[in-house]
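Undergrad: Attaching a predicted model along with its sequence, questions to come.
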Amino acid sequence: MPEEQIIEEGSARIKLGEGVFYNPKMERLRSISVLFLKAAMPNAGKVLDATTATGIRGIRYALEANAQKVTMLDTNPNACRLAEANIKMNGLEGRVNVVNTSLQKFANNNSAEKFDVIDIDPFGTPAPFIYDAMKLCKNNTLMLITATDTATLCGAEGNACLRIYSSVPARNELCHEASIRILLAFTARIAAQFGFGIEPLLSLSELHYVRIFIKLNKGAKQAVESVKKIGYASSCSKCHAYYYEQGQIPKLSSTCKYCGNATTPFGPLWLSSIYDKSIVKGMLNMCDSKNEQIRKTLLALTEEADIPFFYNIDKVCEYIGTGSVSKKQVIENLESIGYIATPTVFGKNSIKTNASISELIDAIKSHVGKDARKS
């Protein structure tokens with residue numbers, strides 16, 4: 001018999017088992033999720049961990065995020081037995097329970113039961129889970145949804161994105177942000193069918209996953225307002241301009257307004273806020289100093305302009321034939337003439353700004369001109 005492996009993560013100790021998935025690389029995301037619950041719902045009531053495996057996520061919610069009752073689901077009976085053993089190891093009998101079933105069956109057999117928090121973290125796409133999860137929601141329910149099919153959402157498999165999410169992905173430097181916005185739009189359309197609007201509180205795209213943290217707001221008006229925040233975007237592969245417009249029937253031009261090149265459309269996708277800075281700041285205030293990488297991510301989000309898409313400075317400099325300049329220099333130039341301009345977590349030497357491509361190019365050329373005069 002192989003020796004039983006026990007690992008520690010956060011405040012939890014769990015056993016690992018053969019054939020039951022545990023990804024140590026996702027510890028960071030689980031820690032972010034714990035911080036999120038502590039900031040967004042300090043007294044979480046009923047939590048549903050819809051794809052539990054070892055039980056680590058639900059157990060950490062009970063131990064660290066003050067979840068009062070956690071229900072964990074898994075279709076694998078071995079996973080359920082392991083999760084039950086881990087619940088006992090952490091002294092959580094009575095507060096945490098495991099059900100050997102799928103989310104779909106659970107939702108259709110327990111539609112009268114409503115949860116304060118629902119976490120969906122499957123292998124691959126979450127799309128088949130979201131519709132049934134809505135049956136278990138109420139006003140102000142928090143939904144935490146992970147997608148690991150980033151090849152689909154980021155454009156490598158465009159037909160799959162169209163089939164699964166009814167959306168055309170971006171296939172350029174904007175793809176990771178666009179993947180978040182595609183998943184939010186997909187979720188918003190399903191939520192609207194159940195009379196909910198969505199309010200994004202946090203959104204992440206890292207490594208091989210996309211993760212959205214949303215609040216559901218009950219009401220036909222809220223649902224309609226939410227759907228109206230969906231629209232389409234397009235980008236120019238020559239000068240790297242981008243355009244976007246909310247609405248079900250957009251009026252985006254097929255040619256770039258700056259260089260006249262043909263633009264490439266993508267969407268539908270969410271074109272409003274993708275996080276709530278007050279939540280992010282609350283998470284940052286509670287983040288342990290030992291979690292330096294998480295602190296850096298949260299701090300970057302508090303400083304980032306919450307507007308759609310961004311410019312990669314290196315690509316724009318290549319287009320206009322100048323040497324590359326730093327984002328700090330470009331930001332200072334744009335801010336000096338009244339524009340919003342910030343770094344972004346979505347790309348190195350990239351900025352979010354409300355300036356147009358023309359104004360950005362002027363800011364870059366202005367800086368290059370200053371350097372030339374200094375020399």
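TA: That came through fine.

Undergrad: tell me which element residue 182 is part of?
TA: helix 175-193 (DSSP states H and E).

Undergrad: angle of the next helix or strand after that helix against helix 175-193?
TA: Once the chain leaves helix 175-193, the next helix or strand it forms, by DSSP H and E, is strand 196-206. When axes from the mean of the first three to the mean of the last three Cα atoms, to 10 degrees is applied, the directions of strand 196-206 and helix 175-193 differ by 160 degrees.

Undergrad: low-confidence ranges in this structure?
TA: Per-residue confidence for the chain (pLDDT under 70) gives these ranges: 1-3, 369-375.

Undergrad: residue ranges of the helices in it, please?
TA: 27-40, 56-64, 77-89, 103-109, 127-134, 150-153, 158-165, 175-193, 220-227, 277-286, 292-303, 313-320, 327-336, 357-374 (DSSP state H).

Undergrad: right, and these - which one's nearest residue 244?
TA: helix 175-193 (9.4 Å; Cβ to Cβ). Where C-beta positions appear, they are placed from N, C-alpha and C, glycine not excepted.

Undergrad: what distance separates that closest one from the centre of its chain?
TA: In terms of Cα atoms, centre = their mean, to the nearest Å, the centre of helix 175-193 is found 10 Å from the chain centre.

Undergrad: Check which residues of that helix are buried.
TA: For helix 175-193, burial by neighbour count (16 or more other Cβ atoms under 10 Å) applies to 175-192.

Undergrad: Stretch 103-114 too?
TA: Going by neighbour count (16+ other Cβ under 10 Å), the buried part of stretch 103-114 is 103, 104, 106, 107, 110, 114.

Undergrad: how far does it sit from the chain's center?
TA: Relative to the chain's own centre, stretch 103-114 is displaced by 25 Å; criterion: Cα atoms, centre = their mean.

Undergrad: repeat for stretch 297-307
TA: 13 Å.

Undergrad: same deal with stretch 140-154?
TA: Worked out by Cα atoms, centre = their mean, stretch 140-154 lies 6 Å from the chain centre.

Undergrad: Check the burial of residue 255 by counting its neighbours.
TA: 12 (other Cβ atoms under 10 Å).

Undergrad: In this structure it contacts residue 262, no?
TA: Yes. Under the criterion of Cβ atoms under 8 Å, residue 255 makes contact with residue 262 at 6.0 Å.

Undergrad: Relative to residue 164, how far out is the residue lying closest to residue 151 once chain neighbours are set aside?
TA: Closest residue to residue 151 in three dimensions, ignoring its sequence neighbours and counting by Cβ to Cβ, 6 or more residues apart in numbering: residue 157, at 5.1 Å. Distance, residue 157 to residue 164, by Cβ to Cβ, to the nearest Å: 9 Å.

Undergrad: Neighbour count: these two, which is higher?
TA: Between residue 157 and residue 164, counted using other Cβ under 10 Å, the more crowded position is residue 164 (20 against 16).

Undergrad: List the contacts of the more buried one.
TA: 125, 127, 149, 152 (Cβ atoms under 8 Å, 6 or more residues apart in numbering).

Undergrad: Quick one: residues contacting residue 134.
TA: Residue 134 neighbours (Cβ under 8 Å, 6+ apart): 190, 191, 193, 194, 196.

Undergrad: swap in residue 304?
TA: 342, 343, 344, 345, 352.

Undergrad: so what's residue 16 bridging to?
TA: residue 5 (DSSP bridges).

Undergrad: Distance check, it against residue 54.
TA: 7 Å.
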